[in-house]
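S.K.: Build me a model:
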Amino acid sequence: METFCGYGKCMRNHAAKLGSHALDGCLEYSQPATGDLCAACGCHRSYHRRVEVKSCAQITHAQLPSMSFRRVKQLARLKWKSAVEKEEEEEDTEETSTDEKTTVKRRRKSKFTVEQREAMRDYAAKLGWTLKDKRGVREEIRVFCEGIGVSRYHFKTWVNNNKKFYY
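M.R.: You can find the predicted model right below:
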């Protein structure tokens, strides 16, 4: 079996500079007498979709792909979903199955009281809205955080997230 390479539809985006998408409509690469530019549209051969044609002594016509890549992905996804549904049905038929649904744990957002925010804002302003190069006051920061009931990590994160609003 031999494999030949042909070129099909032109995929050059003529409106790329405008941020849009426009093809020229050339549906097949026309081999010029010399060079690699398409005789029909003038685009280089590399812009045309490459189509590999397998030929055999018994087969007289070209075998082109019948499905697009997107369609293959859709079919694979459906096949996977049906396999999962079958597993779920098998689990439901068992008498030891549980009806508990698994939930995805979301990261909990820290909520601060108004007093905590005001205290953090005042203390961050005193520190200059940065915790870098503050190794000498690390113990003082720890005592402050314990005093308002916030971890040092949350205070540092709050300072980094809010310095653009207050500084």
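S.K.: C-terminal to the lowest-mean-pLDDT helix or strand in the chain, what's the next element?
M.R.: Lowest on mean pLDDT, DSSP states H and E among the helices and strands of the chain sits helix 69-93, with a mean of 61. Counting by DSSP states H and E, the next helix or strand C-terminal to helix 69-93 is helix 114-127.
S.K.: which residues does residue 28 contact?
M.R.: The neighbours of residue 28, taking C-beta atoms under 8 Å, 6 or more residues apart in numbering as the test, are 7-9, 40. C-beta coordinates here come from the backbone N, C-alpha and C atoms, glycine included.
S.K.: Closest one of these to residue 130?
M.R.: Lowest distance from residue 130 to those (C-beta to C-beta) belongs to residue 9, with 56.7 Å.
S.K.: so that closest one makes contact with residue 38?
M.R.: No: in this structure, residue 9 is not within contact of residue 38 by C-beta atoms under 8 Å, at 11.0 Å.
S.K.: Please enumerate the shared neighbours of the two.
M.R.: Common neighbours of residue 9 and residue 38 (criterion: C-beta under 8 Å, 6+ apart): 26, 48.
S.K.: what about the two, which has more around it?
M.R.: Neighbours per residue, other C-beta atoms under 10 Å: of residue 9 and residue 38, the larger number sits with residue 38, 22 against 14.
S.K.: Return the distance of that one relative to residue 4.
M.R.: Residue 38 sits 18 Å away from residue 4, going by C-beta to C-beta, to the nearest Å.
S.K.: Over to residue 153?
M.R.: From residue 153 to residue 4 the distance is 63 Å (C-beta to C-beta).
S.K.: Can you report how many residues lie near residue 22?
M.R.: As a burial measure, residue 22 scores 11 neighbours (other C-beta under 10 Å).
S.K.: tell me the pLDDT at it?
M.R.: On pLDDT, residue 22 comes in at 77.
S.K.: Could you list the low-confidence segments of the protein?
M.R.: Scanning the chain with the threshold set as pLDDT under 70 gives 1, 55-103, 134.
S.K.: Give me the domain ranges for it.
M.R.: Here the domain parsing of the chain from automatic domain parsing is 2-55, 114-166.
S.K.: just the buried members of the contacts of residue 28?
M.R.: 7, 40 (16 or more other C-beta atoms under 10 Å).
S.K.: so can I have a markdown table of the contacts of residue 28 showing secondary structure?
M.R.: Shown next, in a markdown table, are the contacts of residue 28 (DSSP: H, G, I helix; E, B strand; the rest coil):
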| residue | secondary structure |
| --- | --- |
| 7 | strand |
| 8 | strand |
| 9 | strand |
| 40 | coil |
